[in-house]
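**Student:** model the following, please.
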Amino acid sequence: MAKAPTPRETGSGRRGGGGLGGEGHGRRRGPVGRANAARLGLMAVPVAFFAVFFAYPVAAIVARGLKTDGQWRLERIADVLTQSDIRHVLWFTTWQALASTALTLLIALPGAYAFARFDFRGKQVLRAVVTVPFVLPTVVVGTAFLALVGRGGLLDELWGVRLDTTVWAILLAHVFFNYAVVVRTVGGLWAQLDPRQEEAARMLGASRFAAWRKVTLPALSPAVAAAALMVFLFTFTSFGVVQILGGPTFSTLEVEIYRQTSQIFDLATAAVLTLVQFVAVGAILAVHAGTVRRRETALRLVAPETTARRPRGAGQWALLGGVLASVAVLLVLPLGVLVQRSLDTPGGHGFAYYRALASDDGGAFLVAPVTAIGTSLEYALAATAIAVVIGGLAAAALTRRDAGRLVRGFDALLMLPLGVSAVTVGFGFLIALDEPPLDLRSSWILVPLAQALVGVPFVVRTMLPVLRAVDGRLREAAAVLGASPWRVWREVDLPMVRRALLVAAGFAFAVSLGEFGATVFIARPDNPTLPVAVARLLGRAGDLNYGQAMALSTILMVVCAVALLLLERVRTDRTGEF
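**Tutor:** You can find the predicted model right below:
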């Protein structure tokens with residue numbers, strides 16, 4: 001490789017030298033120092049955002065529960081953890097997360113292979129379909145499975161089978177929700193592994209299974225581990241699914257925090273459970289960060305479009321057929337039942353429940369339920385703008401792989417909102433952001449801020465791999481020629497990541513639209529979001545309320561599906577992890 005020009009050769013002189021190979025440490029420090037300063041500057045805004053709108057509310061709720069007369073009462077931690085019902089909640093939370101993760105991997109890994117290696121008609125649409133459940137609110141996921149396996153559901157009507165009183169309903173709903181995590185994370189890497197390496201092993205005498213076990217599996221293992229950790233994280237902190245399908249029998253940490261906070265008003269127990277969840281999530285994310293770094297190192301990758309081909313032989317066609325059948329039964333059928341229930345009125349199939357959304361009966365809402373659609377769209381757009389700005393700055397700060405521990409810790413910090421109790425964050429907003437200069441309890445921006453916390457990690461994880469794929473020598477050359485960090489970003493990075501930015505915004509919009517755990521506390525009665533409206537309707541008896549909940553869930557599902565279909569048209573195979 002040709003040696004890059006020194007500052008002297010480019011005529012930039014001693015003051016502008018550095019970074020590209022000249023002589024002496026003095027010259028090398030210029031651009032490097034400016035780059036480090038720029039990175040710290042980029043980190044400042046995201047760090048401030050997370051400190052004010054994440055760390056401060058969580059710390060406030062913990063302090064409210066564990067402090068009395070200004071004194072910390074840490075003995076409450078032991079008091080809470082020794083209670084038998086709390087130990088049962090901790091045990092159920094852990095084992096159902098392990099079981100959900102194992103079942104999801106078992107069912108979704110063949111799908112990851114099919115999406116990575118097979119080229120078939122409708123693949124792009126199907127990729128969007130399997131992602132729809134992941135961005136749906138967990139309360140809608142629970143609603144869909146309630147319509148399928150609950151009392152009066154499809155299985156109950158056809159065969160008299162009910163699963164809503166068993167743990168199987170929760171496990172299957174978690175597979176439904178997390179299938180896309182495995183397909184996107186593992187399948188995305190699988191599609192870029194050179195198949196000729198496995199073919200070479202077979203030519204040397206290895207069987208198909210031996211070649212896969214010794215060549216492909218070691219390369220895939222970091223991605224499989226990362227996907228498993230993310231599935232475990234999402235199921236460990238499951239809220240809406242367990243709340244709807246678990247009933248009084250099953251309770252996870254998140255559900256118990258909600259119950260202790262909003263029903264029993266025992267902030268001490270809620271604070272202890274929040275700390276336990278925080279420690280567990282922190283450990284999971286630390287391990288996940290290590291698997292991501294392993295996945296990014298020393299793999300020989302090829303363009304995904306060169307590895308996919310039409311299935312060959314009966315075995316491959318059977319595998320593809322099995323994957324399509326599992327997608328149809330586990331993912332499409334619950335969504336289809338949701339739509340069917342929204343149209344199944346006492347007078348026959350029709351749109352009566354949809355028309356009823358425009359009326360205000362003065363019950364669960366101060367306004368007509370249909371207004372939740374416009375409110376959700378407005379909030380989601382505002383949350384998307386915030387998430388793109390905060391996440392974009394964070395991704396730019398994390399672009400270089402050789403970052404120190406401080407920057408790697410910042411990367412882990414950005415993922416915390418995906419696992420730390422959204423219920424705690426929402427209630428923390430109410431008790432922490434109620435005094436000047438942060439008296440936001442009556443402001444509409446409170447909901448978008450909570451939604452943006454969930455959207456930021458998706459923006460970062462979508463944009464970061466694309467930013468890191470930009471040749472760093474282009475940035476260095478621009479810096480040597482005198483370009484400021486802002487101009488380097490505008491003229492080098494932005495043209496290459498514009499498409500990834502659109503995808504990141506789309507994902508942030510979809511997940512903001514479906515945020516429920518925090519929004520259920522802070523959404524005003526006259527401005528409910530779609531997930532909150534669905535939960536309120538499900539909480540009231542009567543066929544009309546149930547039908548309206550199904551209608552709102554269907555509308556939310558359609559909006560998310562359209563957004564994801566648009567994303568699939570603009571995304572590239574290197575557009576991040578999601």
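**Student:** which other helices and strands contact the helix ranked longest in the chain?
**Tutor:** Among the segments of the chain that qualify as a helix by DSSP state H, the longest is helix 84-117. With contacts taken as 3 or more CB pairs under 8 Å, 6 or more residues apart in numbering; DSSP states H and E, helix 84-117 sits against helix 75-81, helix 123-135, helix 167-190, helix 217-236, helix 253-258, helix 267-295, helix 313-327. Quick note: C-beta positions are derived from backbone N, CA and C, even for glycine.
**Student:** one more time with 7 Å
**Tutor:** helix 167-190, helix 217-236, helix 253-258, helix 313-327 (3 or more CB pairs under 7 Å, 6 or more residues apart in numbering; DSSP states H and E).
**Student:** closest one to Arg498 among the ones you listed?
**Tutor:** helix 167-190 (20.1 Å; CB to CB).
**Student:** following the closest one, which helix or strand shows up next?
**Tutor:** helix 195-203 (DSSP states H and E).
**Student:** how near is Arg569 to Leu330?
**Tutor:** 25 Å (CB to CB, to the nearest Å).
**Student:** domain ranges for this protein, per the record?
**Tutor:** Using automatic domain parsing, the domain parsing of the chain gives 74-331, 351-419+445-578.
**Student:** nearest to Tyr56, out of those?
**Tutor:** Across the domains of the chain, closest to Tyr56 is domain 351-419+445-578 (CB to CB), at 11.8 Å.
**Student:** buried stuff in the longest helix of the chain?
**Tutor:** Residues of helix 84-117 classed as buried: 86, 89-90, 92-93, 96-97, 99-101, 103-105, 107-117 (neighbour count, 16 or more other CB atoms under 10 Å).
**Student:** go on, stretch 374-386?
**Tutor:** For stretch 374-386, by 16+ other CB under 10 Å, it's 375-376, 379-380, 382-386.
**Student:** stretch 517-528 too?
**Tutor:** 517-523, 527-528.
**Student:** CSV for the residues you listed, including secondary structure, distance to Met496 and pLDDT?
**Tutor:** Listed next are the buried residues of stretch 517-528 as CSV, based on DSSP: H, G, I helix; E, B strand; the rest coil; distance: CB to CB, whole Å; pLDDT from 0 to 100:
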residue, secondary structure, distance to Met496, pLDDT
Gly517, coil, 35, 76
Ala518, coil, 34, 81
Thr519, helix, 35, 84
Val520, helix, 40, 80
Phe521, helix, 40, 79
Ile522, helix, 38, 85
Ala523, coil, 38, 83
Asn527, coil, 39, 83
Pro528, coil, 41, 85
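**Student:** columns distance to Gly428 on top of the residues you listed, output as JSON lines?
**Tutor:** Converted to JSON lines, the buried residues of stretch 517-528 look like this (distance: CB to CB, whole Å):
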{"residue": "Gly517", "distance to Gly428": "12"}
{"residue": "Ala518", "distance to Gly428": "9"}
{"residue": "Thr519", "distance to Gly428": "13"}
{"residue": "Val520", "distance to Gly428": "13"}
{"residue": "Phe521", "distance to Gly428": "9"}
{"residue": "Ile522", "distance to Gly428": "10"}
{"residue": "Ala523", "distance to Gly428": "15"}
{"residue": "Asn527", "distance to Gly428": "20"}
{"residue": "Pro528", "distance to Gly428": "20"}
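**Student:** and those residues, which two are the farthest apart?
**Tutor:** Gly517 and Asn527 (17.7 Å).
**Student:** let me know the angle separating the longest helix of the chain from helix 195-203.
**Tutor:** Between the axes of helix 84-117 and helix 195-203, defined by axes from the mean of the first three to the mean of the last three CA atoms, to 10 degrees, the angle is 90 degrees.
**Student:** let me see the mean pLDDT of helix 84-117.
**Tutor:** In this model, helix 84-117 carries a mean pLDDT of 92.
**Student:** now do stretch 285-302
**Tutor:** 62.
**Student:** same question, stretch 323-343
**Tutor:** pLDDT averaged over stretch 323-343 gives 89.
**Student:** list the buried residues in that stretch.
**Tutor:** 323-324, 326-327, 330-332, 334-335, 337-339, 341-343.
**Student:** do the same with stretch 121-140
**Tutor:** For stretch 121-140, using 16+ other CB under 10 Å, the buried residues are 126-140.
**Student:** cool, and stretch 184-202?
**Tutor:** 184-195, 198, 201.
**Student:** starting at the chain centroid, how far to stretch 439-446?
**Tutor:** For stretch 439-446, the separation from the chain centroid amounts to 25 Å (computed by CA atoms, centre = their mean, to the nearest Å).
**Student:** now Leu136: phi and psi?
**Tutor:** phi -70, psi 150 (degrees, to the nearest 10).
**Student:** what residues are up against it?
**Tutor:** 514, 556-557, 560 (CB atoms under 7 Å, 6 or more residues apart in numbering).
**Student:** how far away is Ala452 from Ala382?
**Tutor:** For Ala452 relative to Ala382 (CB to CB), the value is 8 Å.
**Student:** contact partners for Thr249?
**Tutor:** Here Thr249 is in contact with Thr165 (criterion: CB under 7 Å, 6+ apart).
**Student:** same deal with Phe145?
**Tutor:** 169, 172-173, 245, 334.
**Student:** pLDDT at the nearest residue to it once chain neighbours are set aside, what is it?
**Tutor:** What sits nearest to Phe145 in space, not counting adjacent residues and going by CB to CB, 6 or more residues apart in numbering, is Ala173, at 4.6 Å. The score at Ala173 is 89. That number is its pLDDT.
**Student:** can you give me the helices in the stretch 401-550 of the chain?
**Tutor:** 405-415, 422-432, 446-469, 472-480, 485-488, 494-514, 519-522, 530-538, 543-570 (DSSP state H, counting those that start in this stretch).
**Student:** what's the closest of the ones you listed to Leu158?
**Tutor:** Counting by CB to CB, and looking across all of these, nearest comes helix 543-570 at 18.5 Å.
**Student:** packing partners of that closest one?
**Tutor:** helix 123-135, helix 138-149, helix 333-343, helix 352-356, helix 494-514, helix 530-538.
**Student:** if we go to 6 Å?
**Tutor:** Applying 3 or more CB pairs under 6 Å, 6 or more residues apart in numbering; DSSP states H and E, we find helix 543-570 packed against helix 123-135, helix 333-343, helix 352-356, helix 494-514, helix 530-538.
**Student:** mind putting the ones you listed into a markdown table with distance to Phe234?
**Tutor:** As requested, those are arranged in a markdown table below (distance: least, CB to CB, whole Å):
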| stretch | distance to Phe234 |
| --- | --- |
| helix 123-135 | 9 |
| helix 333-343 | 17 |
| helix 352-356 | 30 |
| helix 494-514 | 12 |
| helix 530-538 | 16 |
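**Student:** for Asp79, find the nearest of these.
**Tutor:** Using CB to CB, the nearest of those to Asp79 is helix 530-538, at 31.6 Å.
**Student:** so what touches the closest one?
**Tutor:** Contacts with helix 530-538, where a contact means CB atoms under 6 Å, 6 or more residues apart in numbering, come from 137, 139, 364, 369, 372, 376, 514, 516, 519-520, 523, 545, 548-549, 552-553, 556.
**Student:** starting at the chain centroid, how far to that helix?
**Tutor:** 21 Å.
**Student:** what does stretch 331-342 give?
**Tutor:** 23 Å.
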